[in-house]
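Trainee: just the structure for this:
(2 chains)
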Amino acid sequence: MDLKINLKISLIAFCFFASQVLFICNSNADSQLINGAGASFPYPLYSLWFKTYNTKKPDVKINYQSIGSGGGIRQVLTGTVDFGASDAPMKDAELAESKFKIHHIPTVLGAVAITYNIPGFKEQLKLTPELLVEIYSGQIKKWNDPKILVENPTLKDAKNYIIPIRRADGSGTTAVFTEYLAKVSQAWKQRYGEGKAIKWAGGLGGKGNEGVTGLVKQNPGAIGYVEVTYAHTSKTPTAWIKNKSGNYVQPGMEEISLAAQGVKIPDDFRVSITNSENPKAYPISAFTYLLVPESMAQAKGLIFNDFLKWSMQEGQAMAPNLKYAKLPQDLVVRVQKKIDSLVYKTK
Amino acid sequence: MNKKYRDHHPGDKIFFYSLRGISFLTVGIFLLMILFIGKMSLPALNKFGLEFFFINDWNPIAEFYGALPFIYGTLVSSTIALIISLPVSIGMALFVNEVAPKWLAVPLGFLVEMLAAIPSIVYGLWGLFVLAPFLRTYVQPPLSEHFAFIPLFDGPPLGVGMLAAGVILAFMITPTISTICREVFAAVPTVMREAAYGLGATKWEMLKLAVFRASVPGVGAAVMLGFGRALGETMAVTMIIGNVPQIKVSIFEPAQTMASLIANEYAEAETNLQLAALTSVGLALFLVSLIVNGAARFVIWKNKHKYKI
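Mentor: Model (predicted):
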């Protein structure tokens, strides 16, 4: 009997081993495979990039799983992927945790658009940062509140209650939005704070951009925040926001790109560009990053560098078609320099 | 199994050992899961203690976590689902099995079972775009207008919320419950029906005397399965419950369940304590399911002699 069990075990072990060998052979056969994971916001653009790059260099295949920024950071730290991607730069504590250096490469810009559903209101909604803070902390309850009427006089007949909608799932979009609110309002910072998930004053939570948009469309009087590419492709109305210079700005691609030009950007590119000084900038904008660990194998790293350089030239040109805001030209030059300086130590 | 018999037939032996292996494997996986979830939840349970299950707050920024609003949301939404679904399921099972002509019964039974095959995200999107607006326009305003003295119906007509989640869950568990009920009703021996008819019973009296009494334990099992599915349902509920961790009497108010909280926050959890707190909520879900199942089994077991055939 013992013999039989042993036989059984060895048979199973053999099958398992054989399948592993086959798998490894397969992946090593003729192409270089690079694995990445992270943010879901740039996923449509990245997958187009990787596909296009693959047609240019057929022996390089880059896999990307859009599992969310947090997951991307965790997988880079544990070394289960070759590179990661995140909507928010890694925190100092997270970088300190890492056994190897991790570089941030900004790829495109994203922004948070404010969408709304006010019955009978056909004009452009204009919001100041203060109004956003007071709406989301539940202090302004109706659309015809005098404070809103100052900026939007035609709303005086809008009797609907305001239903603030936010993301229920932890999200980079929430992180950018709350970081902006905390930057413009000390009260928000102390009461609610900033992060991918916070404790909200009330309202409703929707799952994903589609959940938020759905709730906004369903509920008269609702206001919500969504990732800007989603707002553009789903053709929802978006509010103009008063920026730091006092101008009302729409979340257009140029206005988002300009947000990177009103802020001093450090050499590691880890910086918040919300509430930008640029007079034409849309204030709730942010970079999205590729996270490139120095621990990547040298052979892969060189190939990946080539891809990164390509993404700064042809890649940037592809971004506007998918409604992503390009990096401004002066920043592209700096990022290219950074890419040239990347070295990989693992043989 | 007879030992001698087992030893002499290699085919039976292999069959016996592989079956034993598979059943041990199931138990083993179950134990490993508890162990794993328990270990992952330790940081949160160490910090908050058993009070974790009774704290009515969830604040990722202040790093202060409690599971109570989610336990409440899960239990109430599932209960609403069961209250709506149970009469419908039993009625449907009776109709298909006992009343409907065959040409109607077969496709009807098939369609009900098909409901179980619809992915939950489809239920969720349907709930968000069809059910919620319907509730907000046609159900909630009259209810809150005429029955606001009942605290359950005194709330804002948002469409999404506890009621919407309960209704969508009812849709999802009805096929489970009614399919099992059909099997249970069909298993009642024909002699019992004939005996009831022989005593001069009408169709309804026959069902009451012969079918229902004998079916109580089976229907109980069906309810448990359905309730279990409602407790753990994630995607559809997340789309439609409003995702606000609060305990409000009104079923029009938004709420949140344990499963939807985990699905929402796990992927982007930022700190280890948040991860541990989320796993602890998973542990709470596990315990709640266990307690509910255990209690239901106990009730059925206690009353078993009443329904002996």
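
Trainee: secondary structure element for the residue nearest to residue A:188 when sequence neighbours are not counted, which one?
Mentor: Among residues not flanking residue A:188 along the chain, residue A:181 sits closest, at 4.6 Å (CB to CB, 6 or more residues apart in numbering or on different chains). Glycine gets a C-beta too; all of them are placed from N, C-alpha and C. In this assignment (DSSP states H and E), residue A:181 forms part of helix A:172-184.

Trainee: residues contacting that helix, please?
Mentor: Helix A:172-184 has contacts (CB atoms under 8 Å, 6 or more residues apart in numbering or on different chains) with A:39, A:41, A:68-69, A:86-88, A:110-112, A:129-130, A:132-133, A:136, A:166-167, A:188-189, A:192-198, A:209, A:225-227, A:272, A:274-275, A:283-286, A:288, B:268.

Trainee: among those, name the buried ones.
Mentor: Buried by 16 or more other CB atoms under 10 Å in any protein chain shown: A:39, A:41, A:68-69, A:86-88, A:110-112, A:129, A:132-133, A:136, A:166-167, A:188-189, A:192-198, A:209, A:225-227, A:272, A:274-275, A:283-286, A:288, B:268, out of these.

Trainee: who in the stretch 101-250 of chain A is up against chain B?
Mentor: Counting by CB under 8 Å from any CB of the partner chain, the stretch 101-250 of chain A comes close to chain B at A:161, A:163, A:168-172, A:192-200, A:202-207, A:211, A:214-215, A:218-219.

Trainee: and if we set it to 7 Å?
Mentor: A:168-171, A:192-193, A:195-199, A:202, A:204-205, A:207, A:211, A:214-215, A:218-219 (CB under 7 Å from any CB of the partner chain).

Trainee: tell me which of those residues fall in strands.
Mentor: Residues of those located in strands (DSSP state E): A:204-205.

Trainee: now, of the residues of the stretch 101-250 of chain A next to chain B, which are buried?
Mentor: Using 16+ other CB under 10 Å as the burial test, those include A:168-171, A:192-193, A:195-199, A:204-205, A:207, A:211, A:214-215, A:218-219 as buried.

Trainee: which residues in chain A form strands?
Mentor: A:32-38, A:60-66, A:83-86, A:102-117, A:126-127, A:163-167, A:204-206, A:222-227, A:240-242, A:248-249, A:285-293.

Trainee: any chance of the ones you listed in JSON lines, plus distance to residue B:95 and mean pLDDT?
Mentor: Formatted as JSON lines, the strands of chain A follow (distance: least, CB to CB, whole Å; pLDDT from 0 to 100):
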{"stretch": "strand A:32-38", "distance to residue B:95": "51", "mean pLDDT": "92"}
{"stretch": "strand A:60-66", "distance to residue B:95": "46", "mean pLDDT": "92"}
{"stretch": "strand A:83-86", "distance to residue B:95": "54", "mean pLDDT": "94"}
{"stretch": "strand A:102-117", "distance to residue B:95": "42", "mean pLDDT": "95"}
{"stretch": "strand A:126-127", "distance to residue B:95": "55", "mean pLDDT": "96"}
{"stretch": "strand A:163-167", "distance to residue B:95": "41", "mean pLDDT": "95"}
{"stretch": "strand A:204-206", "distance to residue B:95": "38", "mean pLDDT": "93"}
{"stretch": "strand A:222-227", "distance to residue B:95": "41", "mean pLDDT": "95"}
{"stretch": "strand A:240-242", "distance to residue B:95": "57", "mean pLDDT": "96"}
{"stretch": "strand A:248-249", "distance to residue B:95": "61", "mean pLDDT": "96"}
{"stretch": "strand A:285-293", "distance to residue B:95": "56", "mean pLDDT": "95"}
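
Trainee: can you redo those strands as TSV with distance to residue B:125?
Mentor: Listed next are the strands of chain A as TSV, based on distance: least, CB to CB, whole Å:
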stretch	distance to residue B:125
strand A:32-38	26
strand A:60-66	20
strand A:83-86	27
strand A:102-117	18
strand A:126-127	29
strand A:163-167	16
strand A:204-206	12
strand A:222-227	17
strand A:240-242	30
strand A:248-249	33
strand A:285-293	27
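
Trainee: list just the one of those that sits closest to residue B:277.
Mentor: Closest to residue B:277 of the strands of chain A is strand A:204-206 (CB to CB; 17.6 Å).

Trainee: so who does the residue in the stretch 101-250 of chain B positioned nearest to chain A touch?
Mentor: Ranked by CB to the nearest CB, the top residue of the stretch 101-250 of chain B for proximity to chain A is residue B:243, at 3.1 Å. Applying CB atoms under 7 Å, 6 or more residues apart in numbering or on different chains, we find residue B:243 in contact with A:168, A:204-205, B:254, B:256, B:260, B:264.

Trainee: same check, this time on residue A:144
Mentor: A:155-159.

Trainee: same question for residue A:227.
Mentor: Here residue A:227 is in contact with A:41, A:110, A:112, A:173, A:209 (CB under 7 Å, 6+ apart).

Trainee: max pairwise distance over these: which two?
Mentor: Comparing every pair within those by CB to CB identifies A:110 and A:209 as the most remote, at 11.6 Å.

Trainee: and what about the residue nearest in space to the middle of chain B, helix, strand or coil?
Mentor: What sits nearest the mean C-alpha location of chain B, by CA atoms, centre = their mean, is residue B:227, with 2.2 Å. Secondary structure for residue B:227, judged by DSSP: H, G, I helix; E, B strand; the rest coil, is helix.

Trainee: tell me where the chain is predicted with low confidence.
Mentor: As the question left the chain open, I've gone with chain A. Along chain A, the parts satisfying pLDDT under 70 run over A:1-30.

Trainee: chain B is the one I meant
Mentor: Within chain B, the stretches with pLDDT under 70 are B:1-8, B:306-309.

Trainee: determine the longest helix present in it.
Mentor: As assigned by DSSP state H, the longest helix anywhere in chain B is helix B:10-48.

Trainee: would you indicate which residues of that one are buried?
Mentor: Buried, per 16+ other CB under 10 Å, within helix B:10-48: B:40-41, B:43-45, B:48.

Trainee: as TSV, these with distance to residue B:153 would be great.
Mentor: Shown next, in TSV, are those (distance: CB to CB, whole Å):
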residue	distance to residue B:153
B:40	40
B:41	37
B:43	41
B:44	36
B:45	38
B:48	35
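
Trainee: residue 173: neighbour count?
Mentor: Assuming you mean chain A. Residue A:173 has 28 neighbouring residues, counting by other CB atoms under 10 Å in any protein chain shown.

Trainee: chain B, not that one
Mentor: 27.

Trainee: list the buried ones in the host helix or strand of it?
Mentor: If you go by DSSP H and E, residue B:173 is part of helix B:162-186. Going by neighbour count (16+ other CB under 10 Å), the buried part of helix B:162-186 is B:162-182, B:184-185.

Trainee: near chain A, anything from it?
Mentor: No. Against chain A, helix B:162-186 shows no contacts by CB under 7 Å from any CB, the least distance being 10.7 Å.

Trainee: centre of the chain to that helix, how far?
Mentor: Chain-centre distance of helix B:162-186: 9 Å, with CA atoms, centre = their mean, to the nearest Å.

Trainee: how close does the closest residue to chain B within the stretch 201-347 of chain A get to residue A:225?
Mentor: In the stretch 201-347 of chain A, no residue comes nearer to chain B than residue A:205, which is 3.1 Å away by CB to the nearest CB. In this view, residue A:205 and residue A:225 are 12 Å apart by CB to CB, to the nearest Å.
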